[in-house]
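[1] just coords:
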């Protein structure tokens, strides 16, 4: 096969869309579209607030005008999507407050693309959905808004995102990419486009639904495995055993799967099981295992808070009014993303006991923390200022800090993650 000749449009320039658009721009003419004008301005100034794409990488591909030459042109004006013939949709798919799938952004993106869709165009979705959603939800919207027929006039595909936020060793091009299409011919073309830039290679799934299912079970599986070791942490704490020492011993067996206890959040592990469970219910099955991990992992914030309270009680410090410092607020280390952060559950539990809480995170998105949770991140912690410190998120720059200098003469430190080097009075 010869190299495909496409003008590519990437819709949504967040954690998934921008790294993809930047990589594709090395080989294709790419239009990056995002409704957030501030985000577009930042990218045009070679800045990525998510820290996923370096300034050097952006400078190498970002251009000031839309042209047929390789490179990335970003805009909030949808008119630049008109000449595109290969669309990739990378908008978020969160859950509602009731933990039901929220397809609203995906539906809006599909409706917007429908007005620009032409015969022979391709539309590939990377947003996480449950099996059947691409063809059952997105295709009818595209058809209605374009007047075209899917599989005949335009071609659908699905390639689940596999971005690992904060990971500087495994970038997009280094991670095997699943691809799929609505027909064997379209699947081959879609696979070829991704194979042009993904150095790790591609895996062509036999159908769109298989690719969709593969995505949701990847994270549902991790959710369940982490829930298992979280439950072990609860049990072992009652036995007086160090969970990490037990896991280290167990890991000497060649087929033991290494997972660590912790707070589980974010836009993948904390969301995808709900999508799979929703689809299970739609086909008439009441899921018994899929959401078991969600329930336990959602309770870990309260468990951590209670552990801290018990440690304080041992040194005769009670609530309310105790000064507590939470270190780290994003959903994972070395990443500014605060979506569905598990740290908020610790915050809420401690707050319900009357603690006076400060949160310090030099990496997290301060604006998002305030707008989404009403939490103002402090600029710097106070020395000898806190009766309790909870080390939540092990950002690289926080690991070697001696957090003991920030506790009062009589105070405690609790480690959620083993990675922190500071000696702690308790840990998950």
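    Thanks, I have it. Every value quoted in this text rests on a predicted model; they were computed, and no experiment measured them.

[2] which residue ranges form the helices in the stretch 201-350 of the chain?
    208-239, 243-250, 272-282, 292-298, 300-314, 343-352 (DSSP state H, counting those that start in this stretch).

[3] and if you look at the stretch 1-150 of the chain?
    Using DSSP H, counting those that start in this stretch, helices in the stretch 1-150 of the chain cover 17-24, 37-44, 55-61, 104-114, 133, 139-146.

[4] Make JSON lines from the ones you listed and add mean pLDDT to it.
    Below are the helices of the stretch 1-150 of the chain laid out as JSON lines (pLDDT from 0 to 100):
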{"stretch": "helix 17-24", "mean pLDDT": "97"}
{"stretch": "helix 37-44", "mean pLDDT": "96"}
{"stretch": "helix 55-61", "mean pLDDT": "96"}
{"stretch": "helix 104-114", "mean pLDDT": "97"}
{"stretch": "helix 133", "mean pLDDT": "97"}
{"stretch": "helix 139-146", "mean pLDDT": "98"}
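
[5] Give me whichever of the ones you listed is most buried.
    Ranked by mean neighbour count, the helices of the stretch 1-150 of the chain are led by helix 17-24 with a mean of 26 (mean count of other C-beta atoms under 10 Å). Just so you know, the C-beta spots here come from the backbone N, C-alpha and C atoms, and that holds for glycine as well.

[6] got any ranges where the stretch 301-428 of the chain has weak pLDDT?
    Judged against pLDDT under 70, the stretch 301-428 of the chain has no low-scoring part.

[7] quick one, what contacts residue 290?
    Residues near residue 290 by C-beta atoms under 8 Å, 6 or more residues apart in numbering: 220, 224, 273, 276-277, 280.

[8] Mind jotting down where the strands sit in the protein?
    7-11, 29-33, 71-75, 86-89, 122-125, 155-158, 177-179, 202-204, 323-327, 356-360, 386-391, 407-415, 426-427 (DSSP state E).

[9] first vs last residue of stretch 286-295, how far apart are they?
    For stretch 286-295, the first and last residues are 15 Å from each other (C-alpha to C-alpha, to the nearest Å).

[10] Same check on stretch 352-368?
    So stretch 352-368: terminal residues 23 Å apart, C-alpha to C-alpha.

[11] Pull the distance from that stretch to the chain's centre.
    20 Å (C-alpha atoms, centre = their mean, to the nearest Å).

[12] swap in stretch 417-428?
    25 Å.

[13] How about it, which residues are buried there?
    By 16 or more other C-beta atoms under 10 Å, the buried positions in stretch 417-428 come out as 417-420, 422, 424-428.

[14] closest to residue 92 among the residues you listed?
    Residue 92 lies nearest to residue 417 out of these, by C-beta to C-beta, at 25.9 Å.
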